[in-house]
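*Asks:* Here you go, sequence then predicted model.
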Amino acid sequence: MKLNGAYPRTPDAFGDMVERTLASLPDECARPTTARRVPPRRVLLIAALAAITLIGGTYGTYRHAVLRQIALTRRR
Amino acid sequence: MTKAEFEQGIRRNQDKLFRMAYLSLRSYADCQDAVQETLLKAWAARDSLKHAEYFDTWLTRILLNVINDFCRRAARRPTSELTNEIPADFAPPDPDLRDAIRALDAKLRTPLLLRYIAGYSIGETARLLRITPAQVRWRLERAEKQLRAQLGDKEEII
């Protein structure tokens, strides 16, 4: 298969457009590098584990205090 | 990559960019816009190109993404080509073949253009589309079958 007839000659106007675009490109990349850097997976994993431990720990302490209070109330 | 190297790479690929965009999009104006957007995106992302020898395939990949965006946009708001926007020195390809290629599904059209218009090998086409060579062969076969069915007695222009 050669797709004869599907090869349009590139028109001069198209070449001019490409040249104009190339001439208008800034010397330095116009896009500022202010995009937030995505933290690596390792950092995300550590943050998640710390959050789980903290939340779990806090909940555990709270649960323990509540149960202790209930037990004390029953004893009375 | 310096600006001179970038410009040289673009000029080397200019015909390929034009043919691929023209045969994928619905109008000459869309083709121009898509190539212009490709150049701007490529320039903005030039630091992401690690090896200069892959410039051609890297640029083609950007063009394919831009073409996909244009096709999605065109599906939302259909437009028709105005005859006065086509340059006077432009000799369009066989209109039946052009329309038949444009009418193909993007999944079939893209491998066809990469293989026969841009001249990439099966392996390169597979890498560009992130599919297996067997899938490329299958899609090419289906694209050819659909083109032949659509062109009927004008099949010899394929």
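*Replies:* In hand now; what should we look at?

*Asks:* burial measure for A:D27, as a count.
*Replies:* For A:D27, the neighbour count with other C-beta atoms under 10 Å in any protein chain shown is 7. C-beta here means a position set from N, CA and C on the backbone, and glycine is covered the same way.

*Asks:* tally of neighbours for the residue nearest to it when sequence neighbours are not counted?
*Replies:* Leaving aside its sequence neighbours, A:D27 sits nearest to B:K3 (C-beta to C-beta, 6 or more residues apart in numbering or on different chains; 6.3 Å). Neighbours of B:K3 under the rule other C-beta under 10 Å: 14.

*Asks:* okay but B:K3 is in contact with A:P26, surely?
*Replies:* No: with contact defined as C-beta atoms under 8 Å, B:K3 does not reach A:P26; the gap is 9.2 Å.

*Asks:* ok now do B:T110, which residues does it touch?
*Replies:* By C-beta atoms under 8 Å, 6 or more residues apart in numbering or on different chains, the contact set of B:T110 is B:S24, B:L64, B:L129.

*Asks:* how near is it to B:R11?
*Replies:* 24 Å (C-beta to C-beta, to the nearest Å).

*Asks:* Check B:D96 too.
*Replies:* 31 Å.

*Asks:* With A:D12 instead?
*Replies:* 14 Å.

*Asks:* try B:A52
*Replies:* From B:A52 to B:R11 the distance is 15 Å (C-beta to C-beta).

*Asks:* Tell me how far the worst-scoring helix or strand of chain B on mean pLDDT lies from the chain's centre.
*Replies:* In chain B, no helix or strand scores lower on mean pLDDT, DSSP states H and E than helix B:95-103, which sits at a mean of 84. Helix B:95-103 has its average C-alpha position 13 Å from the chain's average C-alpha position, going by C-alpha atoms, centre = their mean, to the nearest Å.
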